[in-house]
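# Here is my input; please provide its structure:
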Amino acid sequence: MTEFQIRAYTPDDAAWVHAAHAQHYRAVDGFDDSFGVLVESILRDFDAGHDPVCEAGWIAVDVRGAPVACIFCVKLTEETAKLRMFLVTQAARGSGLGYRMLQTCMGFARDQGYTGMTLWTHESHAAACALYRRNGWQLVHSTPVLSFGQDLVEQEWQIRF
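The predicted structure is shown next:
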């Protein structure tokens, strides 16, 4: 079994996070370039002004130090954090790393005093949705959309601590 280390995100990781998201979702879901633009914008905002007291990101790396996963926790309101940019690459899927990343993010949110979290995803991300459900998240809203050049079903999930 491959060992992965989870470490804090730094701005030096931004290029990998952007490229990994754009490449993965183009290859797997057929997303157009507007998805990469969105990820780039989220990263730019995070790097420019996140509050390290209540917001954080994590990168998982393999034994060679190569990034294989990321996840972010950002402040939505005083009580609610938002999970953002959660990605586990194909090379690390099935290893339990997604669970560890999710637990790291949720634990941080609880430790910072948030009473819940929310996230936005797509119905087509079945493995991620199953992971959220197994960890106590509830689907609260679904909407069919045309987004990133694809017909999708956007979903909002929430969890209360």
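
# Which stretches in this structure count as strands?
For the chain, the strands defined by DSSP state E occupy 5-8, 56-61, 67-75, 80-88, 116-122, 138-147, 150-160.

# List the contacts of the shortest one.
Outside strand 5-8, the residues within contact range by Cβ atoms under 8 Å, 6 or more residues apart in numbering are 56, 57, 58, 59, 60, 61, 100, 101, 104. Where C-beta positions appear, they are placed from N, C-alpha and C, glycine not excepted.

# Let me see the mean pLDDT of that strand.
Here the mean pLDDT over strand 5-8 is 98, rounded to a whole number.

# Repeat that for the second one.
Computed over strand 56-61, the mean pLDDT rounds to 98.

# what lines up beside that strand in the sheet?
The strands beside strand 56-61 in its sheet (DSSP bridges) come out as strand 5-8 (antiparallel), strand 67-75 (antiparallel).

# I'd like the strands of the chain laid out as a markdown table, including distance to residue 109 and mean neighbour count.
Shown next, in a markdown table, are the strands of the chain (distance: least, Cβ to Cβ, whole Å; neighbours: other Cβ atoms under 10 Å):
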| stretch | distance to residue 109 | mean neighbour count |
| --- | --- | --- |
| strand 5-8 | 15 | 12 |
| strand 56-61 | 9 | 21 |
| strand 67-75 | 5 | 22 |
| strand 80-88 | 4 | 21 |
| strand 116-122 | 5 | 18 |
| strand 138-147 | 16 | 12 |
| strand 150-160 | 9 | 15 |
